[in-house]
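Participant: here are the coordinates; sequence isn't available:
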Ligand SMILES: Nc1ncnc2c1ncn2[C@@H]1O[C@H](COP(=O)(O)OP(=O)(O)OP(=O)(O)O)[C@@H](O)[C@H]1O
Ligand SMILES: [Mg+2]
C-alpha cells in the first residue's frame, strides 16, 4: 500500500527537522534544569526569531541564514532581560506564578506580533531554496539538511561550552544543586541570567534555521511550544542530551504521522503521545526521577 | 496479634537499597523507636507503611489485614497517619483550619470539625495560635502542628518522622511530654528520631537500621550496649557518649 | 465588622445592576452582558482553578462542548437551549471526568497539569476541525427562529442581560457555598499541599474530580449561552486554547480562589477589550489581549494574589487604622 521509499524519505525528513526540535527543546530544558521554571513563552521566542529572520531576509533580499548573526545576540539579550525583570522576582513565588508570568509573556508576544505583522501566514520572499540532493537514491531537501546541520552544530557547541568552560560548569552546578552552587561561591543570579539567555537563543536559532522551509504566524508559537514540551519531556525534563535524542524521535514520529495522515491528525498524534508519556513515563525515556 | 506487622520489606530507588529485607512488628499501645544514620532508610519505611510509596516486595499487615497497595488516604481511614520529616502544614490556612481538614475528611460537618479541632489544639497547647496562618509559626510549632494534624485523623498508629529535629532543648522536652500524652490516649507511636537521648527516654523498644537492613532490636539499654550498633551507627569515637546516654536514661 | 459590610455593598450593587437596563442603550447593555458572561466563566473556572488550585488551560473544551451540544440539538433535533444547558453541562462534566481521571491518577500537578490540559484542548480543537458532522472548520450558524424564551433568542438585549446576570449570581452562590462547606475546606487543603492532604485522609483525586465536573458543567452552560447570543460557533472561537486563555485571565488577575475576585476581574478586563475594540475597530487586532498579557505579568509581579485581595487589604487597613487598631499582618487564605 505504501511505497517503502516514501517511509524512508519520511524518516530522513523527520530526522532533519527533528534536529531543529532538539535545539528548541534544549533551550526549554536548560531553563527548566537550572531555574526549575517551565517557560510557556518558549514558542513565542521562536516565533519572534522567525519574524526577525523574515524581515531581514525580505528587506535586504538576502539568504535567511544571515539573520543568525542578529537573532543569536538579540534573543540572548531578550532572554537575559526576561530573566532579570520577570523571572528573577518570582523565583521564590509559588510555581503557579512562574507558569502564569511566562503565560502572560506569551500572550503579550503573540499579540505584539499580531499588531506588527498581522494575522496571516508569511514565508520568505527570496527565491525559496527548493534544491534537493540525492542520497543513496533518496531525495533530501537541502534547506532541511542545512537546518539539521546548523541546529546540531549549535547544540554540540553548547554542550562543549557546558562541559568545558567555567561558566558552563557553573551552569551545570546550579542545575545539580542550587544551594550547593551558592555555597561554593557561584554567583547564582548571574548564572540564571546567562541560562535564560542561552535558552532563549536556542529558540531563536531554531527559528532562523526552520524559516527557509516553513512559514510563520503570530500563533505559530503554540505549535512549537507543545512540540518542545513533548521533546523535552520525552528526553527527561532538564536533560540536554535527552532533548537532543527526543527531538529526533519526535521529528520522525511526526513526519511518519504526516505521511499516513494529514496535518491536523499528525498533531493530534504528537499531542496524544505527549499526554501518554506524561502519564506513564513523566521522567522521560532515559530518566529515573524528576530533578 | 501485633497491631502492625512488617514482613521482609524491600524497596530500592535505582541502585540504592533504601529498605532491605526488613521485618518487625509493632504492638498495640507501645512506643517503638526507629533509628539509623542519615540515609539509612527510615523515612522510606514510613512512606511504605503509610502508602506513599509501594514496596518492591514484602508485606505490611494492619491487624492481620494486608495493606500493601492501599492509598495514603485509605490507610489514614484505617488508622495509620504519618507526619512529614519536612513539616508540611497547609501554609496559608490557619492553625485551626489545618487541624479541621483531617476531621472533615472523615465526613464531619464544618461545625463539628471546628469544635473537635479546638479540642485537639488545646490538648497540644496550640490554642493561642489557632487563627494564625501556619506559615507564620516557628519551626517548633510547625512540628507540633504536624502532630496535631495527625491526631485530627483519630489514628491508631502515628508514624512520627523526626518531630523533634531543629528544636531547642525546652521544645524537645515539651514534645516528649506531648508524645507521652498522645500515647497515654492509647495511640501507638512509631518514632524516628535523631535526638538519641530523647528516643532512648521515650521508646520502650528501638529498632536500628543501617543501609535499609535491621542491625539490632531491643530495649534502649540493650541497644546502647550493642557493639554492632555502636560501630555501624555512631562510629567508635562516639561509643562513650552513647554509654552516657543509656545511663542518663536510668 | 466596622467597615461597610460586604453584604450591604453587594446588595446595593445588585439592585443597581437590576435597574440598569431601564436607563441605558443597547450597546451599553451588550457590554454589560459580556461582562456578566465572562464573570460567570471566570467564577466557573475558579472552582477548579482557584478553590482546588488546578491551573486548567483546558476549559475551552468544556465551553466548546456546551456550545456544540446545545447548538446541534437545537438545529438538528429542535431541542430548546434550556435543555442544552443541562445536556451540554452533563456532557462536559462527564468528559471532564474522563480526561482528568488519568491526569489526577498519575499525579500530574502544577505546571504539568497546565501542560496536559493545554495539550488536551489542542487535541479537541483539531478533532472538531476534522468532524464534518459538527461543521468542521466552517463552524455552525445558528438560525434565528422566533424571539422566544424557549429558543433563548430575543430581539431585545434585556432578556439576555437578565439571564446572564442570573448565571453570574448563581455562579457566585455556588462558589460561596463551595468555599464555606466541607468541600471547600478540603479543596483548600489540596491546593496547599496534596501529599499533606492525603496524609490526613483526603482522597485528593476524588475531590479534584468533583471540582472538575462542577467547573466543567458551569463552563459548558457559558458555551450554550454564547452560542445562542452570538448565533455562530466554530472551533477557534469556542473550543480552543484562545477560549481557555480568555477564561483563565480574569479570575487570575481578579483574585484566584476568592469569591468576588473573578467577578471583579471581568468588570476590569472586559470593558478594556470593548474599549480597544471601539478605539481600534476590529476585534481581531489583539490589542486587548496584549493589554491583558501585560496586566497578567504585572499582577504576577506586584499582586500575585490578585487585585481583589489587594483592594480588600487596602480597605481593611484603612478602616482598622480609623479605629486605631493595629494592622494585623496575618489572616487566612480562606477569607
Ligand atoms: N524518592 C527517592 N528517589 C531516589 N532515592 C531516594 C528517594 N527517597 C529516598 N531515597 C534514597 O534512599 C535512601 C534512604 O532514604 P531515607 O530518606 O529513607 O533515609 P532516612 O533514614 O530517612 O535519612 P535521614 O535521616 O536523612 O532522614 C537514601 O539513600 C536516599 O537518597
Ligand atoms: Mg528521613
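Facilitator: Nice, I can see it. Since this is a predicted model, take the numbers as computed values, not measurements. Ligands and ions are numbered 1, 2, ... in the order given.
Participant: contacts only, for the residue nearest the centre of chain A.
Facilitator: By Cα atoms, centre = their mean, chain A has its centre lying nearest to residue A:24, at 1.3 Å. By Cβ atoms under 8 Å, 6 or more residues apart in numbering or on different chains, the contact list for residue A:24 reads A:42, A:46, A:202, A:203, A:206, A:224, A:227, A:228, A:231, A:247. No exception for glycine: its C-beta is placed from N, CA and C like everyone else's.
Participant: which SS state does the fourth one fall under?
Facilitator: Spelled out, it's residue A:203. When classified by DSSP: H, G, I helix; E, B strand; the rest coil, residue A:203 comes out as helix.
Participant: and the nearest residue to residue C:17 once chain neighbours are set aside, how close does it get to chain B?
Facilitator: If you skip the residues right next to it in sequence, residue C:17 has residue C:165 as its closest partner in space, 6.3 Å away by Cβ to Cβ, 6 or more residues apart in numbering or on different chains. Plainly put, residue C:165 is 30 Å away from chain B if you go by Cβ to the nearest Cβ, to the nearest Å.
Participant: which strands or helices does whichever strand or helix holds residue C:165 pack on?
Facilitator: Using DSSP states H and E, residue C:165 falls within helix C:158-180. In terms of contacts (3 or more Cβ pairs under 8 Å, 6 or more residues apart in numbering or on different chains; DSSP states H and E), helix C:158-180 is packed against helix C:6-19, helix C:26-46, helix C:204-230.
Participant: identify the residues contacting the shortest one?
Facilitator: Right, the one you point to is helix C:6-19. Contacts of helix C:6-19 (Cβ under 8 Å, 6+ apart): C:32, C:165, C:169.
Participant: from chain A, how far out is the last one?
Facilitator: For residue C:169, the distance to chain A under the criterion Cβ to the nearest Cβ works out to 28 Å.
Participant: give the full set of residues in contact with the closest residue in space to residue C:163 that isn't next to it in sequence.
Facilitator: Leaving aside its chain neighbours, residue C:163 sits nearest to residue C:225 (7.0 Å; criterion: Cβ to Cβ, 6+ apart). With Cβ under 8 Å, 6+ apart as the criterion, the residues that contact residue C:225 are C:37, C:152, C:163, C:164, C:167.
Participant: redo that, cut-off 7 Å
Facilitator: By Cβ atoms under 7 Å, 6 or more residues apart in numbering or on different chains, the contact set of residue C:225 is C:37, C:164, C:167.
Participant: the helices in chain C, which residues?
Facilitator: C:6-19, C:26-46, C:59-76, C:81-105, C:110-130, C:158-180, C:182-192, C:194-199, C:204-230, C:235-238, C:241-255, C:261-280, C:287-302, C:307-322 (DSSP state H).
Participant: buried stuff in the longest one?
Facilitator: By that I understand helix C:204-230. When burial is assessed from 16 or more other Cβ atoms under 10 Å in any protein chain shown, helix C:204-230 yields the following buried residues: C:204-205, C:207-229.
Participant: same question, the second one
Facilitator: The neighbour-count check on helix C:26-46 (16+ other Cβ under 10 Å) flags C:29, C:31-46 as buried.
Participant: which outside residues touch that helix?
Facilitator: C:20-21, C:56, C:59, C:157-158, C:160-161, C:164-165, C:167-168, C:171-172, C:175, C:215, C:218-219, C:222, C:225, C:247-248, C:250-251, C:254, C:256-257, C:262-263, C:265-267, C:270-271, C:274.
Participant: which of those residues count as buried?
Facilitator: Counted by 16+ other Cβ under 10 Å, those give C:21, C:56, C:59, C:157, C:160-161, C:164-165, C:167-168, C:171-172, C:175, C:215, C:218-219, C:222, C:225, C:247-248, C:250-251, C:254, C:256-257, C:262-263, C:265-267, C:270, C:274 as buried.
Participant: where does the stretch 201-335 of chain C dip in pLDDT?
Facilitator: Along the stretch 201-335 of chain C, segments meeting pLDDT under 70 span C:281-284, C:323-335.
Participant: ditto for the stretch 151-291 of chain A
Facilitator: Residues of the stretch 151-291 of chain A that meet the cut-off, pLDDT under 70, sit at A:287-291.
Participant: next one: the stretch 51-200 of chain C
Facilitator: Using pLDDT under 70, nothing in the stretch 51-200 of chain C is flagged.
Participant: residue contacts, the residue in it that ligand 1 sits nearest to?
Facilitator: Closest residue of the stretch 51-200 of chain C to ligand 1, Cβ to the nearest ligand atom: residue C:195 (12.3 Å). Residue C:195 sits next to residue B:88 when contact means Cβ under 7 Å, 6+ apart.
Participant: quick one, strands of chain B?
Facilitator: Assigned strands in chain B, in chain order: B:4-13, B:16-26, B:31-35, B:57-62, B:65-66, B:80-82, B:157-161, B:188-192, B:205-210, B:213-218 (criterion: DSSP state E).
Participant: interface residues of chain B facing chain C?
Facilitator: B:50, B:72-73, B:76-77, B:81-82, B:84, B:88, B:90-94, B:97, B:100-102, B:104-106, B:109-110, B:132-133, B:136, B:149, B:152-153 (Cβ under 7 Å from any Cβ of the partner chain).
Participant: 6 Å instead, please
Facilitator: Contacts of chain B with chain C, taken as Cβ under 6 Å from any Cβ of the partner chain, map to B:72-73, B:76-77, B:82, B:88, B:90, B:92, B:94, B:101-102, B:104-105, B:110, B:132-133, B:136, B:149, B:153.
Participant: so of those, which ones are in helices?
Facilitator: B:72, B:73, B:76, B:77, B:101, B:102, B:104, B:105, B:110, B:149.
Participant: just name the closest of the residues you listed to residue B:11, please.
Facilitator: residue B:72 (15.9 Å; Cβ to Cβ).
Participant: pLDDT score for the closest one?
Facilitator: The model reports residue B:72 with a pLDDT of 95.
Participant: please apply the same query to residue A:1.
Facilitator: You'll see residue A:1 listed with a pLDDT of 55.
Participant: also residue A:128?
Facilitator: Residue A:128 carries a pLDDT value of 65.
Participant: which residues touch the residue found closest to residue A:249 once you drop the neighbours it is linked to in the chain?
Facilitator: Nearest residue to residue A:249, sequence neighbours excluded (Cβ to Cβ, 6+ apart): residue A:234, at 6.4 Å. Counting by Cβ atoms under 6 Å, 6 or more residues apart in numbering or on different chains, residue A:234 makes contact with A:246, A:277, A:284, A:285.
Participant: sorry, back to before: mind putting the contacts of residue C:225 into a markdown table with distance to residue A:195?
Facilitator: Below are the contacts of residue C:225 laid out as a markdown table (distance: Cβ to Cβ, whole Å):
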| residue | distance to residue A:195 |
| --- | --- |
| C:37 | 42 |
| C:164 | 47 |
| C:167 | 46 |
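Participant: residue C:111: which of these is nearest?
Facilitator: residue C:37 (29.0 Å).
Participant: pLDDT wise, what is that closest one at?
Facilitator: Looking at residue C:37, its pLDDT reads 97.
Participant: okay, it and residue B:148: tell me how far apart.
Facilitator: 45 Å (Cβ to Cβ, to the nearest Å).
Participant: equivalent analysis for residue A:59, please.
Facilitator: Note on residue A:59: its distance to residue B:148, by Cβ to Cβ, is 68 Å.
Participant: of those two, who's got more company?
Facilitator: Ranked by neighbour count (other Cβ atoms under 10 Å in any protein chain shown), residue A:59 and residue B:148 place residue B:148 first, with 25 against 9.
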